[in-house]
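Asker: Here you go, sequence then predicted model.
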Amino acid sequence: ALLAQGNADAAVGYAREAAQMEMRDMRAPSGPPMPMKPAIELYGDVLMAANRPVEALAAYEKSLDWIPLRTPSLMGLAKAAKAAGDDATADEMLTRLKEMPGISRSRTMIR
């Protein structure tokens with residue numbers, strides 16, 4: 001809601017706080033995450049929406065440290081890397097995605 005209202009700084013702050021609380025107070029899920037989107041991944045999404053791809057790179061990397069091979073985090077990292085001008089990392093993440101069993105080729109395109 002804060003992003004939609006044009007208050008990106010507040011949105012980033014709240015998302016960062018949620019990510020810090022989740023990673024401090026909870027263990028990584030052994031199955032699908034609950035809630036469905038981990039806060040650290042949401043933080044990366046908010047940073048991307050706020051046009052802060054370099055910071056988003058770090059958030060998605062932390063997300064992948066916490067929940068390895070999570071498809072939305074791999075895609076987020078690829079998009080953030082591309083937006084930050086890090087084509088090597090973007091290509092590496094897209095390659096990882098394409099090698100995953102059952103992945104849809106159309107989902108691995110950076111838009």
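Answerer: Done, it's in.

Asker: Could you identify the helix or strand that succeeds the longest helix belonging to the chain?
Answerer: For the chain, the longest helix by residue count, based on DSSP state H, is helix 8-25. Sequence-wise, the next helix or strand downstream of helix 8-25 (DSSP states H and E) is helix 39-49.

Asker: That next one: which residues count as buried?
Answerer: For helix 39-49, the neighbour count (16 or more other C-beta atoms under 10 Å) marks Ala39, Ile40, Glu41, Leu42, Tyr43, Gly44, Asp45, Val46, Leu47, Met48 as buried. All C-beta spots, glycine's among them, are computed from the backbone N, C-alpha and C.

Asker: dump the residue contacts of the last one.
Answerer: When you say that, I think you mean Met48. Going by C-beta atoms under 8 Å, 6 or more residues apart in numbering, Met48 touches Ala56, Gly76, Lys79, Ala80, Ala83.

Asker: again, 7 Å this time
Answerer: Going by C-beta atoms under 7 Å, 6 or more residues apart in numbering, Met48 touches Ala56, Gly76, Lys79, Ala80.

Asker: neighbours around the second one, how many?
Answerer: Meaning Gly76. By other C-beta atoms under 10 Å, 25 other residues sit near Gly76.

Asker: how much space between Glu22 and Ile67?
Answerer: Going from Glu22 to Ile67 by C-beta to C-beta, to the nearest Å gives 11 Å.

Asker: likewise Gly102?
Answerer: Gly102 is 18 Å from Ile67, by C-beta to C-beta.

Asker: more neighbours, these two?
Answerer: Legend: neighbour count by other C-beta under 10 Å for Gly102 and Ile67, higher for Ile67 (18 against 5).

Asker: Kindly list the main-chain dihedrals of that one?
Answerer: With angles defined as degrees, to the nearest 10, Ile67 sits at phi -130, psi 90.

Asker: and the nearest residue to it once chain neighbours are set aside, what pLDDT?
Answerer: Take Ile67 and drop its neighbours on the chain: the residue closest to it by C-beta to C-beta, 6 or more residues apart in numbering is Ala28, 5.6 Å away. Ala28 carries a pLDDT value of 75.
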